[in-house]
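# Pasting the sequence and the predicted model now:
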Amino acid sequence: MPRHHSIVTLSTLFLLALFTTTIQAATAGCGKAATITSGTKSVTVNGKNRQYIVRVPNNYNSSHPYRLIFGLHWRDADMGAVDGGSAPYYGLKNLAKDSAIFVAPNGLNKGWANSGGEDITLIDTIRTTIADGLCVNEKLVFSLGFSYGAAMSYSLGCSRAKDFRAIAVLSGALLSGCSGGNDPIAFYGQHGVRDSVLPIASGRDIRDRFVKNNGCTSQTAQEPGRNSNKHITTVYQGCKTDYPTQWTAFDADHVALPGDNGADAGANSFTIPAVWKFFEQFT
Ligand SMILES: *[C@@H]1O[C@H](CO)[C@@H](O)[C@H](O)[C@H]1NC(C)=O
């Protein structure tokens, strides 16, 4: 066979492989009219009526597999708190600029006790419902949350590492269980050195689980002193390909979106671009 034929064959195979990979990541909701619109939805899980808010990007394109990002609320808050305010979805929604579908589920009793795994089941149900009704890149599904919502994102990292590309745990602790907990998953963690609600030791424990699972080289992560008005980020080295692991210790109490003045900086927090950059690196 003339050489240029094999080159043609090879490039065809390559394109086919590329095409197949793209198709595999796209969900049943791709290539058809959306059956889900932005707003509040209900679903029954384990006999309980549950709610969640979905935000479909403007100019939704049913041929484009979108990122899917779960924003989980903190204790005594609800889905509306994540969806609203000056920094919706912990500020990611403004940075995503219509490149992602956002979901804010409601916990039970304003928390994520995840009794018997019922909140994991809720999120499984929402994830598959969204993937059937909207075009999702199932390789680009994320969860983040603060406090109780961080604990639940951690729990997802423990038991659903194959369904989620990465999690961001903002001042979390072991409050929602950690079933499994042995799989690698890309991990962003942060915690205040002066956290008086969930001490930073709980954040370090979560981090260390994924440093280990992700095969990163263990190292001492520097933390800023109290009243240093600083944050220090450690990017772990030697982690398995596709499982970056990053940790930020900041000089503040129990806040979701810290600034360097020890207070909540809301939409101006360094956390927002940092988490977005972490999630956006996956394509
Ligand atoms: C819709 O998405 C597909 C796949 O990403 C892209 O090729 C196409 O150009 C998009 N259409 C519009 C109108 O943006």
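Arrived safely. None of the values given here were measured: they were computed from a predicted structure. Numbering: from 1, shown residues only.
# Now for the closest residue to R75 other than its chain neighbours: which residues touch it?
Once flanking residues are discounted, R75 sits nearest to Y148: 4.2 Å by C-beta to C-beta, 6 or more residues apart in numbering. For the C-beta atoms, the positions are set from N, CA and C on the backbone; glycine is no exception. Listed by C-beta atoms under 8 Å, 6 or more residues apart in numbering, the contact partners of Y148 are 72-75, 107, 111-112, 175-176.
# how does it look with 6 Å?
74-75, 111-112, 175 (C-beta atoms under 6 Å, 6 or more residues apart in numbering).
# Confirm for me that A151 is in contact with G172.
Yes - A151 lies in contact with G172 (C-beta atoms under 6 Å); the separation is 5.0 Å.
# For the ligand, what is the nearest residue in the stretch 101-250 of the chain?
Relative to the ligand, the nearest point of the stretch 101-250 of the chain is C135 (8.4 Å; C-beta to the nearest ligand atom).
# Just the pLDDT at that residue, thanks.
At C135, the pLDDT value in this model is 98.
# Check for me that R209 belongs to a strand.
No - with DSSP: H, G, I helix; E, B strand; the rest coil as the criterion, R209 is assigned helix and is not in a strand.
# All the helices of the stretch 51-200 of the chain, in order from the start?
For the stretch 51-200 of the chain, the helices defined by DSSP state H, counting those that start in this stretch cover 79-83, 92-96, 118-133, 148-159, 200-213.
# For the longest one, which outside residues touch it?
Same thing as helix 118-133. 27-29, 35-36, 43, 45-46, 50, 52, 105, 112, 159.
# relative orientation of it and helix 148-159 in degrees?
80 degrees (axes from the mean of the first three to the mean of the last three C-alpha atoms, to 10 degrees).
# closest point of the stretch 151-283 of the chain to the ligand, which residue?
Counting by C-beta to the nearest ligand atom, the stretch 151-283 of the chain gets nearest to the ligand through T283 (12.0 Å).
# State the distance from that residue to A151.
Per C-beta to C-beta, to the nearest Å, T283 is found 29 Å from A151.
# who's more crowded, the two?
A151 (29 against 7; other C-beta atoms under 10 Å).
# In contact with that one, which residues?
Contacts of A151 (C-beta under 6 Å, 6+ apart): 172-173, 175-176.
# Put together CSV for the contacts of Y148, with distance to the ligand on each row.
Shown next, in CSV, are these (distance: C-beta to the nearest ligand atom, whole Å):
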residue, distance to the ligand
W74, 35
R75, 39
G111, 38
W112, 34
L175, 38
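# Neighbour-wise, which one of these leads?
Greatest neighbour count in the contacts of Y148, by other C-beta under 10 Å, goes to W112: 32 neighbours.
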